[in-house]
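**Student:** Predicted structure and sequence below. I'll ask about it afterward.
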Amino acid sequence: MHQRHQNRAGVAFSLLAYASFAFSLVYLVGFLVNFHALPVTVDRGPAGAAWLAAAIDFLLIAAFGIQHSVMARRSFKKRWVRYVPASLERSVYVLVSSIVTLLLCLAWRPLPDIVWSVVAIPTNYLAWAAFGIGLAVLIAASFQIDHWELLGLRQAWNALRGTSGKDTEFTLRGFYRFVRHPIYVGWLLLFWITPEMSVGHLVLAAGMTVYTLVAIRFEERDLVHEHGPQYLEYRQRVPALVPRPMGNRRAAARSRSMCILPVIVCIGAALGTARSWAGEAAERFTVTIDGRERTAYIVAPAAVAEPHRLVLMLHGAGGNADRIRRFTAFGLEQQAEAGDWVVAYPEGIDGTWNDCRKATPYPARRLGVNDVGFLTALTNTLRARYGIAAADVFVAGFSNGGQMAIRLAVEQPGVIGGIVVVAAQLPAPEDSVCAARIPAIRSMWINGSEDPFIPPGGGPSVGPDGSDLGAVLPLAATIRAFAEAGTAVTATPARTLPEFDGDRSTRVVRSDWTAGGGVYLRQYVLHGSGHVVPQRETELPSIAGHGAGDIDFGEVVAGFVNAGSPGLRAGRGLARSAELSE
């Protein structure tokens, strides 16, 4: 009876180990695709010195490889079963491996500089499709041998039933007819296939490739010991990772070339669609505020000797500098070269900003990060560096970044000359930590009429994961509050802009409020569009709603900042504030 209770406990333990495997695999996939709800992903996490991040990452990869390889060896198992029942040996391995995998994900330190980035939508979709195929191959291949034995469940169940497991059969089903290690093929595809390859992601992919090659060598030694000449003949006939249709050497070489060619094409396509306007690299720039080192990436066209305008672009929640560069199709950088601009891409804490909203669950809000102080210090430092006047500084932001631009304008209006807000509105007074008075400052607003997250009519707003972000004022009330803050501001008739992208289901309406001989406030309503940055080359994921290609973000920002006049300067007759009201 005691032994039966032990065996039942063994089955429960094996189920726990299996659940841990499933959870760690799902978590790893989220980690690799930079799922926004995770605390750390391959490209988003605690900031720090690059050398320290690289050292930590190498140690994590080494720990992963050593644990997975050593605990799977026959010699280790012989010693291990002295302390662990043989029926649970595999389950213990699965549980420890799952813990080590989660540790790698949680302790990872990103190296976010970009190696390649796919802008073209078809190539982006192809990359994600290949990633999904890799995951499917990994899972399917495990069932083509014995999934339940591989993960320890069968052994515990056999112990409960009092039956001995049958000897492991040598099988050639499914993918195993073409490659000897299809599970590793799927595994490598998970790490290498991505539309955006950062330095840290590349380090992880390379480390996992080294682990795989080493693991194959040791694993095959055990398989030869277990199956003898049968496996030796199989190894001569079937390749390890890259399938070949024929057995002779010339055909094998030709087959390998054909298999490698798509990889080269995919990497070439990624590199070909990755863009940095005019070949300019982004300079990493740091500012220390409240003892915390903060990062921004600066793009200053080499041909511009004395830039006369500074534009800061703030990413949305879960983003970073490179992503917002791509989401805006590098449009600001195009304008930078044409208009003598410097463009700065500051980065939030864990991809988030501490904006005016009380309810956001973002790390920057939870930690009480002084983002206003960071952006103020960054602006003042860059102004001094390039000799740019405060009136020629504009802060643009998308989503959470747009909300942060609003907060900076409300709390530090004298530091900048204007804001450009995309997919954001004023929070309702009861859900705001900011003052309820709006300063006299130039602003431009771009909002989709079908925004699924920030309702144009006001009310509760939500994140892509359904999280509560608090209530916002109606878009009309937001526009009125900023327009009425100026002196002698006059509304001009709205006009529908010409159709550009061939999509008749969307249209753009522009409205202007003028003062002092120039545009004080400009609004673009993207009718039929969602939570998007309007531009003509790529678009946000479909969850954000329909895209908007009738206007281009970089062009409309340039049009707005150039539509001012000498009279439209902060502190020059535009100092009156207005109460937030419906």
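**Tutor:** That came through fine.
**Student:** Phe64 is in contact with Leu104, correct?
**Tutor:** Yes - using C-beta atoms under 8 Å, Leu104 and Phe64 qualify as a contacting pair, with a distance of 5.3 Å. (Glycine included, C-beta is placed from N, CA and C.)
**Student:** Secondary structure class of the nearest residue to Ile551 once chain neighbours are set aside, three-state.
**Tutor:** Spatially, and ignoring its direct neighbours in sequence, Ile551 is nearest to Pro534 (5.0 Å; C-beta to C-beta, 6 or more residues apart in numbering). What DSSP: H, G, I helix; E, B strand; the rest coil gives for Pro534 is coil.
**Student:** buried ones in the strand or helix carrying Ser98?
**Tutor:** Element membership of Ser98, judged by DSSP states H and E, is helix 89-107. For helix 89-107, the neighbour count (16 or more other C-beta atoms under 10 Å) marks 89-95, 97-98, 100-102, 104-105 as buried.
**Student:** What are the structural domain limits within the protein?
**Tutor:** What automatic domain parsing lists as the domains of the chain is 2-273, 277-579.
**Student:** From the ones you listed, pick the one with the highest average neighbour count.
**Tutor:** Mean neighbour count (mean count of other C-beta atoms under 10 Å) peaks for domain 277-579 among the domains of the chain, with a mean of 20.
**Student:** model confidence over that domain, on average?
**Tutor:** Averaging pLDDT along domain 277-579 gives 87.
**Student:** And what about the closest residue to Thr41 other than its chain neighbours, helix, strand or coil?
**Tutor:** Nearest in space to Thr41, with sequence neighbours left out and distances taken as C-beta to C-beta, 6+ apart, is Asn34 at 4.3 Å. For Asn34, the assignment made with three-state DSSP gives coil.
**Student:** Show the contacting residues for Asn34.
**Tutor:** 41-44, 318 (C-beta atoms under 8 Å, 6 or more residues apart in numbering).
**Student:** want to try CSV for the residues you listed, with secondary structure and distance to Glu411 as columns?
**Tutor:** Below are the contacts of Asn34 laid out as CSV (DSSP: H, G, I helix; E, B strand; the rest coil; distance: C-beta to C-beta, whole Å):
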residue, secondary structure, distance to Glu411
Thr41, strand, 30
Val42, coil, 34
Asp43, coil, 30
Arg44, strand, 26
Gly318, coil, 24
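**Student:** I figured Ser467 hits Pro361, correct?
**Tutor:** Yes - shown here, Ser467 and Pro361 form a contact pair, counting by C-beta under 8 Å, at 5.4 Å.
**Student:** Only the C-alpha atoms, please, for stretch 68-75, written as PDB.
**Tutor:** What follows is stretch 68-75 as a C-alpha-only set of coordinates in PDB (Å, rounded to 0.1, in the frame of the first residue of the first chain):
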ATOM      1  CA  HIS A  68      20.500  20.100 -20.400                       C
ATOM      2  CA  SER A  69      23.500  18.100 -21.700                       C
ATOM      3  CA  VAL A  70      24.900  16.800 -18.500                       C
ATOM      4  CA  MET A  71      21.600  15.600 -16.900                       C
ATOM      5  CA  ALA A  72      20.700  13.800 -20.200                       C
ATOM      6  CA  ARG A  73      23.800  11.600 -20.300                       C
ATOM      7  CA  ARG A  74      23.700   7.900 -19.500                       C
ATOM      8  CA  SER A  75      26.600   8.200 -17.000                       C
END
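**Student:** Distance from that stretch to the middle of the chain?
**Tutor:** 35 Å (C-alpha atoms, centre = their mean, to the nearest Å).
**Student:** swap in stretch 357-377?
**Tutor:** How far stretch 357-377 lies from its chain's middle: 19 Å, per C-alpha atoms, centre = their mean.
**Student:** How about residues contacting that stretch?
**Tutor:** 39, 287, 289-290, 292, 294, 312, 317, 346, 348-350, 352-355, 395, 400, 403-404, 407-408, 411-412, 415, 427, 431-433, 463, 467-470.
**Student:** what's the span of that stretch, first residue to last?
**Tutor:** Terminal residues of stretch 357-377 lie 22 Å apart, using C-alpha to C-alpha, to the nearest Å.
**Student:** now the strands: where do they sit in the stretch 351-500 of the chain?
**Tutor:** Ranges of strands in the stretch 351-500 of the chain, per DSSP state E, counting those that start in this stretch, are 393-398, 418-422, 437-438, 442-448, 459-462, 468-472, 490-491, 495-496.
**Student:** which residues touch Pro112?
**Tutor:** Residues near Pro112 by C-beta under 8 Å, 6+ apart: 43-44, 198-200, 320-322.
**Student:** tell me which of those is nearest to Glu484?
**Tutor:** Distance ranking of those against Glu484, using C-beta to C-beta, places Ala321 first at 34.5 Å.
**Student:** Need phi/psi at Glu555.
**Tutor:** phi -70, psi -40 (degrees, to the nearest 10).
**Student:** quick one: it and Ile406, what's the gap?
**Tutor:** 23 Å (C-beta to C-beta, to the nearest Å).
**Student:** Over to Leu310?
**Tutor:** 19 Å.
**Student:** likewise Ala72?
**Tutor:** Using C-beta to C-beta, Ala72 is found at 54 Å from Ile406.
**Student:** likewise His308?
**Tutor:** His308 sits 25 Å away from Ile406, taking C-beta to C-beta as the criterion.
**Student:** for Ala49, same thing?
**Tutor:** Using C-beta to C-beta, one gets 33 Å for the distance from Ala49 to Ile406.
**Student:** Ala17 reaches Ser98, doesn't it?
**Tutor:** Yes - using C-beta under 8 Å, Ala17 makes contact with Ser98 at a distance of 7.3 Å.
**Student:** And the contacts of stretch 125-145?
**Tutor:** Residues contacting stretch 125-145 (C-beta under 8 Å, 6+ apart): 29, 32-33, 118, 150-151, 171, 173-176, 182-183, 185-190, 193-195, 266, 270.
**Student:** which ones among those residues are found in helices?
**Tutor:** Residues of the contacts of stretch 125-145 located in helices (DSSP state H): 29, 32, 150, 182-183, 185-190, 266, 270.
**Student:** chain center to stretch 204-223: distance?
**Tutor:** Taking C-alpha atoms, centre = their mean, one finds the center of stretch 204-223 at 28 Å from the center of the full chain.
**Student:** would you put the C-alpha positions of that stretch in CSV?
**Tutor:** Extracted as CSV, the C-alpha positions of stretch 204-223 are listed here (Å, rounded to 0.1, in the frame of the first residue of the first chain):
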residue,chain,number,x,y,z
LEU,A,204,21.1,33.9,-27.8
ALA,A,205,20.6,32.2,-31.2
ALA,A,206,24.4,31.6,-31.6
GLY,A,207,24.6,30.2,-28.1
MET,A,208,21.7,27.9,-28.6
THR,A,209,23.3,26.7,-31.9
VAL,A,210,26.5,25.9,-30.2
TYR,A,211,24.5,24.0,-27.5
THR,A,212,22.6,22.1,-30.1
LEU,A,213,25.7,21.0,-32.0
VAL,A,214,27.4,19.8,-28.8
ALA,A,215,24.2,18.1,-27.6
ILE,A,216,23.8,16.2,-30.8
ARG,A,217,27.3,14.8,-30.5
PHE,A,218,26.8,13.5,-27.0
GLU,A,219,23.2,12.4,-27.8
GLU,A,220,24.3,10.3,-30.8
ARG,A,221,27.0,8.7,-28.7
ASP,A,222,24.2,7.4,-26.4
LEU,A,223,22.0,6.4,-29.3
